[in-house]
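> The sequence and its predicted three-dimensional model are supplied below.
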Amino acid sequence: HDSLSSDALNVTAKFVATAEGTALAYGSLVFMALLPIFFGALRSVTCSKSKNAADMPETITSRDAARFPIIASCTLFGLYLFFKVFSQEYINLLLSVYFFALGVLAMSHTMSPLMSRIFPDSFPNKQFQLLFTQGSGESKEEIVNYEFDTKNLVCLVISSVVGVWYLLKKHWIANNLFGLAFALNGVELLHLNNVSTGCILLGGLFVYDVFWVFGTNVMVTVARSFEAPIKLVFPQDLLEKGLDASNFAMLGLGDIVIPGIFIALLLRFDVSLKKNSRTYFYSSFLAYIFGLGLTIFVMHTFKHAQPALLYLVPACIGFPVLVALLKGELTEMFSYESSEEVLPGSPRLTSYPTVSGSPASLLAPWMPSLRGRPTWTPSPFFFRY
């Protein structure tokens, strides 16, 4: 009798999202996912033409794309073993500090263009340089060389406030601000060199995603243990509990950045055609919306979380290819080389010399591999379990 009473109490206490709360959560996640893809793609065009070393992208080749799922799998399994051996509390403390630093830099980089528009031309924008060297004379070697200005400092201060908020409270809004900054940085600064490379990357991560979600419990275990802003979240009980809501639906950043960099590539292809149209960008953008909507529909129908790339990859590749076939531009699409627009000798993102530079490449291994259920009370309708 006691057991039955306990079970009944648990069932009663279990939160059941209302239709309005669920619709608001999913709609907000879709809207948030579209923001970094749209604006990141636009900024990737400017980034590809920049002569500033701090704004140069990291080009992903077919070799990188082929290795990416393997590296991501090793990273995921390594973290799984790490959480099994070491204390989860101390690991998450180190990760919180690490992502605090990355988040501040990423958000600062994201805000820089906005600050340039807000501040008038008469604003005294002073230049600064933070330089650390090793040795002396001819053997002197630069260890750190940060160049920044007053506007960058303002961005850093604002980003640091958000960072402290996240570090101390782990609030879902602070998590989303960092997550959006990471995603936008990734779409803007991680460039596929051609469409074939994009197909290899998306195809490999399609298999990776399906295997680690459906084939093992590794991703679930790591995601439950891992506390970091590598996902966008939105509470399904916001209407009932306000900002203190705790029952979250979520979408991993990898489900935004991976299709996003392919969509950004197609926008640069549109620009290269010089036809004053954005046919391939809009077709792939609509394909992403369709794929994400299909993911939600399947989840809601079968009451089981789905790997979003299972639906996003066929949609994001299939729609533009079909458009190219209809327009007779399939050869041009697959012969387009985005890397030709980037100056030779582009630095890796991990060695950016400016404060406003993005840490996108540092985050890249986490994006496709850790899109699991958050550490909060899980909802039965996650994009990722």
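Nice, I can see it.

> So which other helices or strands are in contact with the helix or strand in which residue 163 is found?
Assigned by DSSP states H and E, residue 163 belongs to helix 150-169. Applying 3 or more C-beta pairs under 8 Å, 6 or more residues apart in numbering; DSSP states H and E, one finds that helix 150-169 contacts helix 88-118, helix 172-189. C-beta here means a position set from N, CA and C on the backbone, and glycine is covered the same way.

> Looking at those, which one is packed in the most?
helix 172-189 (a mean of 25; mean count of other C-beta atoms under 10 Å).

> Just checking: what are the partner strands of the following helix or strand past that helix?
Downstream of helix 172-189, the next assigned helix or strand under DSSP H and E is strand 190-192. Using DSSP bridges, strand 190-192 pairs in its sheet with strand 58-60 (parallel).

> Export the helices and strands packed on helix 150-169 to JSON lines and append columns for distance to residue 196 and mean pLDDT.
Output for these, formatted as JSON lines (distance: least, C-beta to C-beta, whole Å; pLDDT from 0 to 100):
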{"stretch": "helix 88-118", "distance to residue 196": "29", "mean pLDDT": "90"}
{"stretch": "helix 172-189", "distance to residue 196": "19", "mean pLDDT": "96"}
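
> looking at these, which is closest to residue 143?
Ranking the helices and strands packed on helix 150-169 by distance to residue 143, with C-beta to C-beta as the measure, places helix 88-118 first at 16.8 Å.

> Now do the closest one against helix 172-189, angle only.
70 degrees (axes from the mean of the first three to the mean of the last three C-alpha atoms, to 10 degrees).

> could you point out which element follows helix 88-118?
Taking DSSP H and E, what comes next after helix 88-118 is strand 127-134.

> residue contacts, the nearest residue to residue 218 once chain neighbours are set aside?
Of all residues not flanking residue 218 in the chain, residue 80 sits nearest, at 4.8 Å (C-beta to C-beta, 6 or more residues apart in numbering). Listed by C-beta atoms under 8 Å, 6 or more residues apart in numbering, the contact set of residue 80 reads 218, 221-222.

> From residue 335, how far out is residue 80?
Distance from residue 80 to residue 335, counting by C-beta to C-beta, to the nearest Å: 41 Å.

> Can you name every helix or strand that the strand or helix carrying residue 35 contacts?
Here residue 35 sits within helix 19-49, counting by DSSP H and E. The contact analysis (3+ C-beta pairs under 8 Å, 6+ apart) places helix 19-49 against helix 172-189, strand 190-192, strand 231-235, helix 238-241, strand 248-252, helix 254-273, helix 279-302.

> right, so these: which one is the most enclosed?
When these are compared using mean count of other C-beta under 10 Å, strand 248-252 is most buried, at a mean of 28.

> I'd like the mean pLDDT over that strand, please.
Mean pLDDT, strand 248-252: 89.

> Can I get that strand in CSV, CA atoms only?
C-alpha atoms of strand 248-252 as CSV (Å, rounded to 0.1, in the frame of the first residue of the first chain):
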residue,chain,number,x,y,z
PHE,A,248,13.3,22.6,-20.1
ALA,A,249,13.0,21.7,-23.7
MET,A,250,16.4,22.1,-25.5
LEU,A,251,18.3,22.1,-28.7
GLY,A,252,22.0,21.4,-29.0
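
> show me the contacts for residue 68.
Residue 68 touches 60, 201, 204-205, 368, counting by C-beta under 8 Å, 6+ apart.

> ok, now how distant is it from residue 330?
Taken as C-beta to C-beta, the span from residue 68 to residue 330 is 25 Å.

> related to what we said a few turns ago, can you add distance to residue 317 and give the helices and strands packed on helix 150-169 back as TSV?
Compiled in TSV, the helices and strands packed on helix 150-169 are given as follows (distance: least, C-beta to C-beta, whole Å):
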stretch	distance to residue 317
helix 88-118	28
helix 172-189	17
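
> The spatially closest residue to residue 174 that is not a sequence neighbour and residue 100, how far apart?
Nearest residue to residue 174, sequence neighbours excluded (C-beta to C-beta, 6+ apart): residue 166, at 3.7 Å. Counting by C-beta to C-beta, the separation of residue 166 from residue 100 is 7 Å.

> In contact with the residue nearest to residue 174, which residues?
Going by C-beta under 8 Å, 6+ apart, residue 166 touches 100, 103, 174-175, 177-178, 229.

> hmm, try it at 7 Å
100, 103, 174-175, 178, 229 (C-beta atoms under 7 Å, 6 or more residues apart in numbering).

> Nearest to residue 144 among the residues you listed?
residue 100 (18.6 Å).

> Reformat the helices and strands packed on helix 19-49 as TSV; add distance to residue 145.
Output for the helices and strands packed on helix 19-49, formatted as TSV (distance: least, C-beta to C-beta, whole Å):
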stretch	distance to residue 145
helix 172-189	19
strand 190-192	23
strand 231-235	33
helix 238-241	45
strand 248-252	34
helix 254-273	28
helix 279-302	36
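
> Relative to residue 209, tell me which of the ones you listed wins on proximity.
Nearest to residue 209, of these and by C-beta to C-beta, is helix 254-273 at 8.1 Å.

> For that closest one, which outside residues touch it?
Contacts of helix 254-273 (C-beta under 7 Å, 6+ apart): 33, 36-37, 40-41, 44-45, 48, 183, 186-187, 190, 192, 195, 198, 202, 205, 277-281, 284-285, 288, 308-309, 312, 316, 320, 333, 336, 338, 367-368, 371, 383.
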